[in-house]
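Trainee: Okay, predicted coordinates and the sequence, questions at the end:
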Amino acid sequence: MEGRDLRVGILTSFYPEIHGGAEVSLGVLLDGLSKLSLDPIVLTPSRRMSNVNGSIVKVGHLGRTPKIVRLSGFPGLNSIFARSISKSLKEHKIDLLHVNDTYALRAAARAVTHSKIPLVLSFHNNLNVPNASYSIPFPLSSWLDSRDKGVLEAARECSFTIATSNYIAQRLIEAGLSPALVKPIYIGGAISLQDKPAHPSEHSTMRVLCVGTMQYHKGFQNVAIAAKKLREDSVPVEVVFVGVGPYLRRLRSLVAGLGLGDQIRLAGHVNWKELERLYDWCDMVVVPTITPEPFGRVAVEAMSRGRAVIGTKSGGLTEIIDDGATGFLVPPGDPSAIAERILTFRNQSHLLTEMGERALQKCRVVFDQRMIASQVLDVYRSLASNSRGAIAKT
C-alpha cells in the first residue's frame, strides 16, 4: 500500500499543547512524513491548536482535564477516551493508529479492538524505574508505578512498538515484549537540518547551556555545583538554564546560595528561535540527567547546531554521544566530573570545533528527518499490508 493511500491516525495526549521531547519529535516526524506524501491525521484531546500545520482532530472532551489527571491514567478516563477514539477512527476511516505516548495507550488499545486495525506504539518513556526516583511524592508515585505496569500489559497487545533507543528496546524485550515486534528507531531524535550552525565566537568565559524540565532528576543542580568548583579554581564560566518545572524554585535558591547569581541565568521557557540562538551562543551543552534518559533529544538538538555535548553515561545518551569524539560521557550525579570536562574544553579549545563538527556529521547520518520518517513509514506499510491480507482471508 502506497503512503498516499494509507490513512494513518496519530494519537497524542498533549501535542500541540505541550512542547516536551515526544511532542517536539512528533512535529518533526509529521513534517518528514509529509515530505514522503503521507499526511497523518493527528488525534488529540489538547485544547490549543492554533498555528499548527497538518490535519488535527480534537478527540473527546478531556482537554480541560488537568494534566496530572491525564498523566495518571485513571480507569474511568480510559473508558471515556476509548469511546471518543473509536468514534474518530470510524469517522475518518483510519487504517492504522499510531500512539505517540503511553498516556493514551490503554484507551487506544480498547478502541482498536472494535475497529481491528493495527496499533503502533512509540515508547519514549523509561520503564521499571520507580517514579519516586523522579521526586514524585507518595502515594502518587505508587499510583504511577501501577499505571506503568498497566501500560506494559497494553504494550504487549500492540501490533508493533517503536522504541526511541536501543536502550529502551532492550528494556521492553526484557519486560516480555516480543523481539520481533519491537524495533529501535530514533524517532525522538529526528532533526531537520536547515540553517547552517554558527561557529562559536571567541570570548574569555566558557559558555554552558542546559535545557530541560526543571526536575531534580534532570541534574541541573550538579551543573551549578560544577560552576562553583570552576569559580573557586578561577575558571570563568557563564551558564544558562532553559526550562520550567517543579524544581525551579529550589534551583534558583541553590544558585543564590552558591553566590552564582552573576554567572548562572535561569531563562525559563523560550521559543525555538531563542533556543536555537542559545545553542549558537554556547560553547557546549551539558545534559546532566541522574536517572537514565530513554533517549535525550536535547543532546541531538545541540549536535545539530555543531556543539559538543557533555552527558551522563547512562540510558539513551550513550547512543547519542560518542565519548571523546562528539563530546564526553560522565558518571551520573558527579559535579566534579562535569567541571573536569568543562576544564578540558577550556584547556584544549580546539576540541570544541573538532567535536562539534563530528557531532553535526553524526546528525546528518543518524538523526536525519527523512531517513527516520522513511523507517516509520516502512513500519506502517508492512502492518497495513499484513492487516489487509488477514482481512482478505476471512
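Mentor: Cool, the structure landed. Numbering: from 1, shown residues only.
Trainee: Quick one: end-to-end length of stretch 265-280, please.
Mentor: End-to-end span of stretch 265-280 (C-alpha to C-alpha, to the nearest Å): 16 Å.
Trainee: Contacts for that stretch, please.
Mentor: For stretch 265-280, the external contacting residues (C-beta atoms under 8 Å, 6 or more residues apart in numbering) are 195, 197-198, 209, 211, 238-244, 248, 251-252, 255, 285, 301-302, 305, 307. Every residue, glycine included, has its C-beta placed from N, CA and C.
Trainee: For residue 13, which non-adjacent residue is spatially closest?
Mentor: residue 103 (4.3 Å; C-beta to C-beta, 6 or more residues apart in numbering).
Trainee: pretty sure the one you found is touching residue 11, no?
Mentor: No. Taking C-beta atoms under 8 Å as the definition, residue 103 is not a contact partner of residue 11, at 9.9 Å.
Trainee: Let me know the distance separating residue 233 from residue 313.
Mentor: For residue 233, the distance to residue 313 equals 24 Å [C-beta to C-beta, to the nearest Å].
Trainee: what about those two, which has more around it?
Mentor: Neighbours of residue 233 and residue 313, each counted by other C-beta atoms under 10 Å, are more numerous for residue 313; the result is 16 against 9.
Trainee: Look at the spatially closest residue to residue 216 that is not a sequence neighbour and report its pLDDT.
Mentor: Nearest non-adjacent residue to residue 216, counting by C-beta to C-beta, 6+ apart: residue 135, 4.5 Å away. Per-residue pLDDT puts residue 135 at 76.
Trainee: among the helices and strands of the chain, which has the poorest mean pLDDT?
Mentor: helix 67-72 (a mean of 54; mean pLDDT, DSSP states H and E).
Trainee: Past that helix, which element shows up next along the chain?
Mentor: The helix or strand immediately downstream of helix 67-72 is helix 75-91, counting by DSSP states H and E.
Trainee: buried sites along that next one?
Mentor: In terms of neighbour count (16 or more other C-beta atoms under 10 Å), helix 75-91 has its buried residues at 77, 78, 80, 81, 82, 84, 85, 86, 88, 89.
Trainee: cool, and stretch 93-109?
Mentor: Neighbour-count burial for stretch 93-109, counted by 16+ other C-beta under 10 Å, picks out 94-109.
Trainee: Quick one: neighbours of residue 261, just the number.
Mentor: When neighbours are counted by other C-beta under 10 Å, residue 261 comes out with 12.
Trainee: which residue sits closest to it in space, ignoring its chain neighbours?
Mentor: Using C-beta to C-beta, 6+ apart, the closest residue to residue 261 is residue 255 (6.2 Å).
Trainee: so where do the helices sit in this structure?
Mentor: In the chain, the helices defined using DSSP state H lie at 21-35, 67-72, 75-91, 105-115, 140-155, 166-174, 220-232, 248-257, 272-281, 297-304, 317-320, 335-347, 350-366, 369-393.
Trainee: Out of those helices, indicate the one that is most buried.
Mentor: Each of the helices of the chain was assessed for mean neighbour count using mean count of other C-beta atoms under 10 Å. The highest is helix 297-304, with a mean of 27.
Trainee: That one - what's its average pLDDT?
Mentor: The average pLDDT for helix 297-304 rounds to 97.
Trainee: hmm, who's touching that helix?
Mentor: 21, 24-25, 188-189, 191, 193, 197, 209, 211-212, 275, 279, 284-285, 287, 308-309, 311, 317, 320-321, 326-327, 356, 359-360, 362-363, 367.
Trainee: Restrict the contacts of stretch 265-280 to the buried ones and give me that as a PyMOL selection.
Mentor: Applied in PyMOL, the following selects the buried portion of the contacts of stretch 265-280 according to 16+ other C-beta under 10 Å:
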select buried, resi 197+209+211+238+239+240+241+242+243+248+251+255+285+301+302+305+307
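Trainee: Let's see the pLDDT reported for residue 91.
Mentor: As predicted, residue 91 sits at a pLDDT of 94.
Trainee: For residue 85, see how far away it is.
Mentor: Distance from residue 91 to residue 85, by C-beta to C-beta: 11 Å.
Trainee: try residue 44
Mentor: Distance from residue 44 to residue 85, counting by C-beta to C-beta: 11 Å.
Trainee: can you list residues touching both of those two?
Mentor: Residues within reach of residue 44 and of residue 85 at once, by C-beta under 8 Å, 6+ apart, are 11, 59.
Trainee: which intervals of the stretch 51-200 of the chain have sub-threshold pLDDT?
Mentor: Counting by pLDDT under 70, the ranges of the stretch 51-200 of the chain that qualify are 51-54, 61-76.
Trainee: That concludes my questions; thank you for your assistance.
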